[in-house]
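Peer 1: With the sequence up front, the predicted model follows.
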Amino acid sequence: MASVFRTLSRGDRWLSSTPHRTSISMSQHTALFMPARIATDTLTGTTVKVVSVPSSPGDTRGLPGSTLVLDEDIGAVKAIVNSRSLTALRNAAGSLLSTRIVGIDKPTAIATFGSGKQIEAHLKLFLRAYPSVTRCRIINRSANERLTMLADALRVAFPRVTVETSSTAAQAQADGSVEGAVRTADIVICATSSTAPLFPSSWVQPGAHVILIGSYKPHMKEVDTELVHRALAGALIVDSRDACAQEAGELLEAKVDMAAVSEIGELVEVDGKGRLQTTLPEWKTKERADAVTMFKSVGVGLQDVAIACAAVDKARAMGLGTTVEGYDS
């Protein structure tokens, strides 16, 4: 992902192409079509990802998605890949990259909003990357089987971590579990389709890192304007200025000058041996004592190209997958 974001920020049209996503309204979903191409010394690929977002807030079946991977030689489709898990993984990798960039070294507590594939991938990756984490609270709109199964799976996989859940606004008002979790969290991860802030800025402790990956339309937002302003005083990082200027509801509502934010690809380098290096501004000196850091991601197509092509290449090398003979003959 570091290489992908670096390519994106270079802005060379010969290295990448990421047309803005197209959406079509269906009876029960909004279908999103996301074509992209990357062509560098280390990776060349062209894909189209299709994701259907449920229209009903009560639809907990997740976001069905598939990625078409094109053959660079003959132009035909060479593979179709289920993109649910891949999308969640590439988002989590970008979020982890942002966390390392802002200097979060030994966090002890994480609070998340949502319980779908995105949160599952984030927690599995973050809990592996940070053995220092001992507390995690998963906050979801409602108590459901998905929330319970995720919490149970994390307890088994990471026995050192105390995993707790909160599921309703009523519960939060009654026992203060949500407020307490946010106030003590070093990392707050939001992956919901909310159109209203999930918590007030005052709950977030100074120095915390806030990750926003749920909203993708101007009317959607997961945090309030005050928290965005606190991030501007600390470090506000985006995956793409152009995409966020069109889609990041939190930043649009806060009237953020996109020239004041950093693209994640501007802050990383990958050396000749593939090792990650960061090129950071000095963010230790904050303009406000209550400053936070924030990563806002709406997703970019180059991420899908990189991870889908990697998955197809790996599957072929391992002899996995199903081949449809004569499909394009």
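Peer 2: Right, received. Where do you want to start? Residues are numbered from 1 along each chain as shown.
Peer 1: Could you give the number of residues near A109?
Peer 2: 22 (other C-beta atoms under 10 Å). For glycine as for every other residue, the C-beta is placed from the backbone atoms N, C-alpha and C.
Peer 1: check contacts around V305.
Peer 2: With C-beta atoms under 8 Å, 6 or more residues apart in numbering as the criterion, the residues that contact V305 are V4, A36, R37, I38, L43, G45, T46, T47.
Peer 1: And for the residue nearest the centre of the chain, nearest residue in space, chain neighbours not counted?
Peer 2: Geometric centre of the chain, nearest residue: N91, 3.4 Å, by C-alpha atoms, centre = their mean. Excluding the flanking residues, the one nearest N91 by C-beta to C-beta, 6 or more residues apart in numbering is I213, at 5.4 Å.
Peer 1: Quick check: that neighbour touching T192?
Peer 2: No: using C-beta atoms under 8 Å, I213 is not in contact with T192, being 9.3 Å away.
Peer 1: any idea how far the residue nearest to N91 lies from M149?
Peer 2: 21 Å (C-beta to C-beta, to the nearest Å).
Peer 1: if we can go back for a sec, these two touch, right, the residue nearest to the centre of the chain and G299?
Peer 2: Yes: between N91 and G299 a contact is recorded at 6.6 Å, counting by C-beta under 8 Å.
Peer 1: Quickly list what's touching both of the two.
Peer 2: Contacts common to N91 and G299, judged by C-beta under 8 Å, 6+ apart, are I213.
Peer 1: Report how many residues lie close to the residue nearest to N91.
Peer 2: 25.
Peer 1: OK, contacts around it?
Peer 2: Contacts of I213 by C-beta under 8 Å, 6+ apart are N91, S95, Q118, I189, C190, A191, S297, G299.
Peer 1: Of those residues, which belong to strands?
Peer 2: I189, C190 (DSSP state E).
Peer 1: need the strands for the stretch 51-200 of the chain, in chain order.
Peer 2: Secondary structure of the stretch 51-200 of the chain (DSSP state E, counting those that start in this stretch): strands at 65-70, 77-82, 109-113, 135-139, 162-166, 187-190.
Peer 1: who does the first one touch, helix- and strand-wise?
Peer 2: Taking 3 or more C-beta pairs under 8 Å, 6 or more residues apart in numbering; DSSP states H and E as contact, the helices and strands that strand 65-70 lies on are strand 44-54, strand 77-82, helix 84-101, helix 301-318.
Peer 1: now with 10 Å?
Peer 2: Where contact means 3 or more C-beta pairs under 10 Å, 6 or more residues apart in numbering; DSSP states H and E, strand 65-70 is packed against strand 29-39, strand 44-54, strand 77-82, helix 84-101, helix 301-318.
Peer 1: now these as a markdown table including mean pLDDT and distance to V163?
Peer 2: Shown next, in a markdown table, are those (pLDDT from 0 to 100; distance: least, C-beta to C-beta, whole Å):
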| stretch | mean pLDDT | distance to V163 |
| --- | --- | --- |
| strand 29-39 | 91 | 31 |
| strand 44-54 | 92 | 26 |
| strand 77-82 | 94 | 27 |
| helix 84-101 | 92 | 17 |
| helix 301-318 | 91 | 27 |
